[in-house]
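A.B. asks: Got a sequence here, can you model it:
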Amino acid sequence: GIGALISGGCLQDGSVPLLKFLDTIKKVKAKTNLIINTHTGLLNEETAKKLAEANVDIISFDVNMDSEVIKNIYHLNKDLRDYKETFNLLKINNLNIVPHICVGLHYGEIHKELDSLKFIKESGMDPSLIVLIALIPPKNTQIEFKTPNQYDIAKIITLIRIIFPKTEISLGCMRPRGKIREEIEKYAIKAGITRIEIPLKRTYKWILKQYPKIDIKFFSACCSIPKESEKRAIMTKSDLKRYLGS
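C.D. replies: This next block holds a predicted model:
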């Protein structure tokens, strides 16, 4: 492999318990050329500094400027200041932030996604990549969650493209499955994404038909991989054959 995505469940304070593993991650980075991507959740100054010292390549951070989601969906005793502080700590420590925007966290409907994009823009950050993901409705909940539709997802992608015209946009792996998946993928491509994680074969064939001159590259990597590392992640012929089924 070329790297690892280090993630996990969050603690009750919204953090991912990375701190006790960062010395080990630092050793891995020193002895190998593995690309390390981490989901951090909320964090403090110590963790941010340790992430920088460990030379972690990518910070996948969910930017959320919706106080109702924090309180009623995440059930965290936190507020927008905590998310802003985490983002600023990552910036101050010169970590490579790949912002993630999740469509439909507010019960499956668009709510404050634009506020999250405005926050990124007003922070002065010009990200090389933004990952767009979408809620997969949880089951067995007291309140019903809708499945985000392809139109709402495409609207947010279009806004990202307008606000960040030079930024790559990736449709990440967290997105609704089932019958709507193909439509989500097609509308996302029409709206302006430049990367997509594991598209359906039907979507791939549709792309070739719609855009016959398109140059498609295949990578065995997370959608957040930096552009400068893409050469190392080029999919092998055997893996590509397995995916395409030919």
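A.B. asks: For Ile214, which non-adjacent residue is spatially closest?
C.D. replies: Ile207 (6.4 Å; C-beta to C-beta, 6 or more residues apart in numbering). C-beta here means a position set from N, CA and C on the backbone, and glycine is covered the same way.
A.B. asks: So what's the residue count around the one you found?
C.D. replies: Residues lying near Ile207 (other C-beta atoms under 10 Å) number 17.
A.B. asks: Okay, and Ser116 sits in which element?
C.D. replies: According to DSSP states H and E, Ser116 maps onto helix 113-122.
A.B. asks: So what touches that helix?
C.D. replies: Helix 113-122 is contacted from outside by 63-66, 84, 87, 99, 101-103, 127, 130, 156, 159-160, 163-164, using C-beta atoms under 8 Å, 6 or more residues apart in numbering.
A.B. asks: What of stretch 69-89?
C.D. replies: Stretch 69-89 is contacted by residues 12-14, 40-45, 48, 61, 63-65, 67, 97, 105-107, 111-112, 119, 123 when judged by C-beta under 8 Å, 6+ apart.
A.B. asks: Please pick the buried ones from the residues you listed.
C.D. replies: 14, 40-43, 48, 61, 63-65, 97, 105-107, 111-112, 119, 123 (16 or more other C-beta atoms under 10 Å).
A.B. asks: before we move on, back to that, check which residues of the host helix or strand of the residue nearest to Ile214 are buried.
C.D. replies: Here Ile207, judged by DSSP H and E, is contained in helix 201-210. Of the residues in helix 201-210, Thr203, Tyr204, Trp206, Ile207 count as buried by neighbour count, 16+ other C-beta under 10 Å.
A.B. asks: got it, and stretch 122-133?
C.D. replies: Within stretch 122-133, the residues that qualify as buried by neighbour count (16+ other C-beta under 10 Å) are Ser123, Pro127, Leu129, Ile130, Val131, Leu132, Ile133.
A.B. asks: Could I get the phi/psi values of the last one?
C.D. replies: Going back to what we said before, that points to Ile133. Ile133 has phi and psi values of phi -120, psi 170 when expressed as degrees, to the nearest 10.
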